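In: need a structure here:
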Amino acid sequence: MRGDMPENLRRLLAEIRLVSPPLPRFERAADESAAAWRARIAAARDDADMHALAHREAVDRAASRLFGATARELLPAVPDNLRQSEVQVTAADRRVVDVSVTAPARPSGAVVVRLHGGGFWMGGGRAARLLDRSLIEQLAATCGATVLNVDYRLAPEHPIPAAMDDVHDVLEAVRHGELGEDLDPRRIALIGTSSGANIAAAAALADLGVDDPIAGLVLIVSSLRLDVPPASMHDDPAAWEERRGQLLGYLGEISPKDPRASPALSPSLGALPPVHAVVARHDEIADGGGELCARVKMAGGVAEEHVYEMTHTVAAPHVEAAWVRGVTDFVGKVLG
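Out: Residues are numbered from 1 along each chain as shown. The predicted structure follows:
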C-alpha cells in the first residue's frame, strides 16, 4: 500500500477485518485421484466465493456507517423491470457455456459481454452475478444494453485457452443470432475485471479481423502481465511466489510471456478497439492496465487510463460510483 493513501480509504479499510481463506494447492498430488483433486479444488473455490461475497457485504456495511451511503445508492436508480435469465451457448465440440443475462425491458440491441474476476480460479456462478451487481445493472439500465455475464471455465481444471475459447463461443453466438435476433453484432462491448480483464484483452486480440469487430474494451483493475510481479509485490518475494504458484494452474503449458497470458505484451495492441482502463492507484494484487494503454497509444490505437484512489477490491462509495459512471459513459459512447 502506498503511503499517500487518502484518509477516507484508510478508514474504510480499517473497518473491514475479514481474513481471506488460504489458497489451495493447485497441483494434483502424486497419490491424489483426479476425482479427489477436483473435489478439493471445488471445495476451496466455494470457500473463496463465500469470502468474496462476505467481503462485498462488509465493504457496503462499512461505507454506510462511515459515509452514509453505498456506491449503489449514489448511482442512478435502477428500474425494477430489468429482466434476468440464464442461457447456454453450445460450442462446436458440444461443450456448453453458461451465461447469465441481464436486459432492460426495451433492449437497444447493444451487447455487453462481461467477464468476472477471481484469480482465474474462482468468482463464477452466483458470485459472478452478485459481486458486480451494480455495474451490471447500470450497464443494462443506463446503456440499454443486454449484459451477458459469461461463466467461463476456471483453472486449474481448465488452463489456457479454455476461458478464451468460451468467450469466443459467446461472441460467435451473438454474431450468428443464436442468443436472439434483437442483439446487434455490430454493437458489442467486452468488459473484464481483474483476471477477467486479462481474459477479455486476450480474447479481444484473438478476435481481431472478424467481420463485426468488438466496438469497445473495458479493463477494470487489470492483471495483464503474468510474467512479472505487480508493482505491489516487488518488495515481497513470498507473496509473488504464492501468486506464481496459483498462476501456474492457469498457464498450464503456456509461457507467462505468451500474449495469451500477458496481453500487454502483444504486438497487435494498436489494432484493438477503443480501450477504457480503470486503474486502482493502491492496487495490491494486479497491474498492467496503464502499461497496456500506453502501448496501445504508441501503436496508434485509442486507449484511456483512468486512475482512482482505491485498492483492488475496496473504494470509498463516491469513488466506486465514479468509476462505474465512467465505464457506463464509455460503453454508451462506443455502442451508440
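In: can you map out the helices along the stretch 1-150 of the chain?
Out: With DSSP state H, counting those that start in this stretch, the ranges of helices along the stretch 1-150 of the chain come out as 7-15, 34-67, 71-74, 125-131, 133-143.
In: helices or strands up against the fourth one?
Out: Identification of packing neighbours for helix 125-131 by 3 or more Cβ pairs under 8 Å, 6 or more residues apart in numbering; DSSP states H and E yields helix 34-67, strand 146-151. Where C-beta positions appear, they are placed from N, C-alpha and C, glycine not excepted.
In: any idea which of the ones you listed is most buried?
Out: Comparing these by mean neighbour count (mean count of other Cβ atoms under 10 Å), strand 146-151 ranks first with a mean of 25.
In: thinking again about what came up before, among the helices and strands packed on helix 125-131, which comes closest to residue 76?
Out: Nearest to residue 76, of all these, is strand 146-151, at 15.8 Å by Cβ to Cβ.
In: Show residues contacting the closest one.
Out: Contact partners of strand 146-151, identified using Cβ atoms under 8 Å, 6 or more residues apart in numbering, comprise 97-104, 107, 110-116, 124-125, 128-129, 136, 139-140, 166-167, 170, 174, 179-180, 182-183.
In: State the distance from the nearest residue to residue 21 once chain neighbours are set aside to residue 39.
Out: Once flanking residues are discounted, residue 21 sits nearest to residue 47: 4.8 Å by Cβ to Cβ, 6 or more residues apart in numbering. Using Cβ to Cβ, to the nearest Å, residue 47 is found at 13 Å from residue 39.
In: Same question for residue 27.
Out: Separation of residue 27 from residue 39 (Cβ to Cβ): 15 Å.
In: CA-only coordinates of stretch 92-103 in PDB, if you can.
Out: Taking Å, rounded to 0.1, in the frame of the first residue of the first chain, the C-alpha atoms of stretch 92-103 are listed here in PDB:
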ATOM      1  CA  ALA A  92     -19.000 -27.000 -31.900                       C
ATOM      2  CA  ASP A  93     -17.500 -29.600 -29.700                       C
ATOM      3  CA  ARG A  94     -20.800 -29.800 -27.800                       C
ATOM      4  CA  ARG A  95     -19.200 -28.000 -24.800                       C
ATOM      5  CA  VAL A  96     -21.800 -25.800 -23.000                       C
ATOM      6  CA  VAL A  97     -21.000 -22.300 -21.700                       C
ATOM      7  CA  ASP A  98     -23.400 -20.900 -19.100                       C
ATOM      8  CA  VAL A  99     -24.400 -17.300 -19.400                       C
ATOM      9  CA  SER A 100     -26.400 -15.100 -17.100                       C
ATOM     10  CA  VAL A 101     -28.400 -12.400 -18.900                       C
ATOM     11  CA  THR A 102     -29.500  -9.000 -17.600                       C
ATOM     12  CA  ALA A 103     -31.500  -7.000 -20.000                       C
END
